[in-house]
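Enquirer: For reference, the sequence and a predicted model appear below.
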Amino acid sequence: MAQSKSKGRKTSFSILEQFSILGYLFQFAAKQWWRFGLSIALMVASSSIAAYLPIIIQQFIDERIATNSVTIQITLTVAGTYLALIIVRMVLVYIKDYLFFMASEYTVAEIRNNIYHKVTSLNMEYFNQTPNGEVVSRVTNDTETIKEFWNVFLQFFDGFINAATVAVAMFSLNADMAWVFMAFLPIVFMLIYFYQKLSTIVYRRMRSALSRVNARISESTSGMWLIQQFNQSERMKKEFKEINDEYVEARINMFRMDALLLMPAISLLEQVVLVIVIWIFGSQILNGTALDIGIIYAFTSYSKSFFRPIGHMISSLSIYQDGLVAASRGRDLLANDKLMPEQVGVESLTDIDGTVSVKDLSFTYDGVQDVLQNIDLNAGKGEMIALVGHTGSGKSTIINLLMRFYEFNRGEIEYDEASIRDYPYDVLRDDIALVQQDAFMFYGSFKDNIRLHGDYTDEEVIAAAKFTGANHFIEALPDGYDTIISEGGSSLSAGQKQLINIARSVIRKPKILILDEATANIDTESEMYIQQSLAKIRETATMIVIAHRLSTIRNADQIYVLHKGHLIEQGRHEELIEQEGTYFNMYQLQTLQGIQ
Ligand SMILES: Nc1ncnc2c1ncn2[C@@H]1O[C@H](COP(=O)(O)OP(=O)(O)OP(=O)(O)O)[C@@H](O)[C@H]1O
Ligand SMILES: [Mg+2]
């Protein structure tokens, strides 16, 4: 599984793929076009000013100092213009960065929203196959990487526009000298090529070390009880140190590559070009065709402003690669068409009364092995049916289909004689409630957790809590129903969580209530209480119950016994006991254990 995953993960892209990924990103950026556009315009303006500044000094030197015509007034004008332009440029750079930053934040927020939206509408299959951490990473880390990616774009544009404006200024001053700079461009391209090859490897190693560090931290916090129970702390600490060291080493390599390789190379280029410029200048003096001194000043400062931004541009190439990977994952996720099963949504079907019938239903999760085969079930309005069978016999799978978590192709499920596919999701979720064994608690008060943002009054919440008996322990707390439950409900016992969970369903007054091992975590006394409550629900709702403890379903109207996805027995408790089949054996075993 892990192997097939890493095989499927792309890390390098052809030019064509790069364009298609960039297209995906630009499609989100399009809404911010005026911000991006304006900041690029400002980039051109501020680069032009930067390229023009040396020309002011050059003109001052050549036209005033060299001709001995400097006056106080002229000096002040030149200095004033220079200063004013520097200030204007600073302001432009600030606005440019601000606009670009805003645009990239909004763009990425939009992508994050889209991905989250998509994730919530995906088929359960996706969540079965994808580790939790990976889903989180898609929504958070990847979008952050995409944001860095935009900043790289800024660098690219900046470097490019800067080099272009400097080139224009150089050619307008002295074409021969300008060609010297151009002659070095092939070397710059070679540098880009080699740096990219090297940095991709080093950078990738760093990212993977970082993700291992993160994965280890999240794994250890969620599995902390296991770590402490099996006394694994020392081993985990040692392993963590190794992973952490790997990460540090990768970071140091990265730094070495940038600080020792890239910047010195760029600065070497800068100096070599400078030497050549001086050499040309000197030889022209010797030939008697001296250049103006101001020009040499201008070219000295251009040698810095031409190569430096290119250096920055190159150093962000590794992030470009990473951004591509992140963006491609986002794009793939958005293209995932394994959505929640579709509903036709027939308008006349506005509610479910409570009859359930499953006809000749067969189902497979993986398309290979049938988990259910030719299942037939029936429950009249207000009846209670029970599903029993050994572990893995397919009980929860039937529930998954009754809840419309998965699409099925063979057989039919009907509520009130209409296909499950014809109901809008709202109707299914309003009228059918499912209580599973592990109750998830959201961060929030008891009230919020029972209400789950439904439109229920405090009285209804309290009535629901009383119904399940949860009121006893809630009311004993200082803040009562307003007490905050931590995420996941770690401050509550398993039984307490379940009572809240059942109250959640009861408050919705469902027409069909499905219980999958709902009372397995609850002590006998609370269970008795719940059984009484459930007996009351039976008056208003159809119940489908899965229970390992057979004593809890003795009075079901119909008991269905499953074995490896087949229905092997069905009938009332007494009838099944009389048959002396599988149910009889299971029951006997449990009563025997009860006696011991
Ligand atoms: N999401 C899934 N993807 C693939 N196979 C699954 C999935 N859920 C269950 N199965 C498989 O389907 C079969 C039936 O599982 P199911 O959960 O329906 O059993 P069950 O009767 O509810 O068992 P238990 O009493 O242990 O809860 C099992 O072989 C299981 O491995
Ligand atoms: Mg189950």
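Expert: Yep, it's here. Ligands and ions are numbered 1, 2, ... in the order given.

Enquirer: Lys536 touches Ala463, doesn't it?
Expert: No. Under the contact definition of C-beta atoms under 8 Å, Lys536 does not touch Ala463, with a separation of 11.8 Å. The way it works is simple: take the backbone N, C-alpha and C, and place the C-beta from them, glycine included.

Enquirer: Settle it for me: which of those two has more neighbours?
Expert: Ala463 (15 against 11; other C-beta atoms under 10 Å).

Enquirer: Not counting sequence-adjacent ones, nearest residue to the more buried one?
Expert: Ile507 (7.8 Å; C-beta to C-beta, 6 or more residues apart in numbering).

Enquirer: if I look at that neighbour, how far off is ligand 1?
Expert: 26 Å (C-beta to the nearest ligand atom, to the nearest Å).

Enquirer: Settle this for me: that residue is touching Glu459, isn't it.
Expert: No. The criterion here is C-beta under 8 Å, and Ile507 misses it with Glu459 at 10.8 Å.

Enquirer: Neighbour count: the two, which is higher?
Expert: Between Ile507 and Glu459, counting by other C-beta under 10 Å, Ile507 is the more crowded of the two (22 against 8).

Enquirer: Who are the contact partners of that one?
Expert: Ile507 makes contact with 450-451, 454, 456, 460-461, 463-464, according to C-beta atoms under 8 Å, 6 or more residues apart in numbering.

Enquirer: redo that, cut-off 7 Å
Expert: When contacts are counted by C-beta atoms under 7 Å, 6 or more residues apart in numbering, Ile507 is found next to 450, 456, 460-461, 464.

Enquirer: So it versus Ala541, what's the distance?
Expert: Applying C-beta to C-beta, to the nearest Å, the value for Ile507 to Ala541 is 13 Å.

Enquirer: can you give me the strands in the stretch 251-400 of the chain?
Expert: Under the criterion DSSP state E, counting those that start in this stretch, the stretch 251-400 of the chain carries strands at the ranges 356-364, 370-379, 384-389.

Enquirer: just the chain next, same as before
Expert: Remark: strands assigned in the chain by DSSP state E are 356-364, 370-379, 384-389, 410-415, 418-419, 432-435, 444-445, 484-485, 512-516, 542-546, 558-563, 566-571.

Enquirer: top helix in this structure by residue count?
Expert: Counting residues, the longest helix in the chain under DSSP state H turns out to be helix 72-121.

Enquirer: For that helix, what is the distance to the chain centroid?
Expert: Between the mean C-alpha location of helix 72-121 and the chain-wide mean there is a distance of 28 Å, by C-alpha atoms, centre = their mean, to the nearest Å.

Enquirer: For that helix, give the mean pLDDT please.
Expert: Along helix 72-121, the predicted local confidence has a mean pLDDT of 92.

Enquirer: now stretch 372-383
Expert: If you average the pLDDT values across stretch 372-383, you get 93.

Enquirer: and what of stretch 36-52?
Expert: Predicted confidence along stretch 36-52 averages 93 (mean pLDDT).

Enquirer: same question, stretch 513-523
Expert: The pLDDT scores in stretch 513-523 average 82.

Enquirer: if we look at that stretch, which residues are touching it?
Expert: For stretch 513-523, the surrounding residues in contact (C-beta under 7 Å, 6+ apart) are 396, 399, 402, 432-437, 494-495, 498, 502, 505, 527, 530, 537, 541, 543-548, 552.

Enquirer: out of these, which are buried?
Expert: By neighbour count, with 16 or more other C-beta atoms under 10 Å, the contacts of stretch 513-523 hold 396, 399, 402, 432-437, 495, 498, 502, 505, 527, 530, 537, 541, 543-548, 552 as buried.

Enquirer: picking up where we left off before, which one, of the strands of the chain, ends up nearest to ligand 1?
Expert: Of all these, it is strand 370-379 that lies closest to ligand 1, at 4.0 Å by C-beta to the nearest ligand atom.

Enquirer: Neighbours of the closest residue to ligand 1 within the stretch 1-150 of the chain, how many?
Expert: Going by C-beta to the nearest ligand atom, ligand 1 is nearest to Asn128 of the stretch 1-150 of the chain, at 4.3 Å. Around Asn128 there are 9 other residues, counting by other C-beta under 10 Å.

Enquirer: repeat for the one 10 residues further on
Expert: Residues lying near Arg138 (other C-beta under 10 Å) number 21.

Enquirer: next one: the one 5 residues further on
Expert: Residues lying near Thr143 (other C-beta under 10 Å) number 23.

Enquirer: Could you tell me how far it is located from Ser39?
Expert: Between Thr143 and Ser39 the distance, using C-beta to C-beta, works out to 21 Å.
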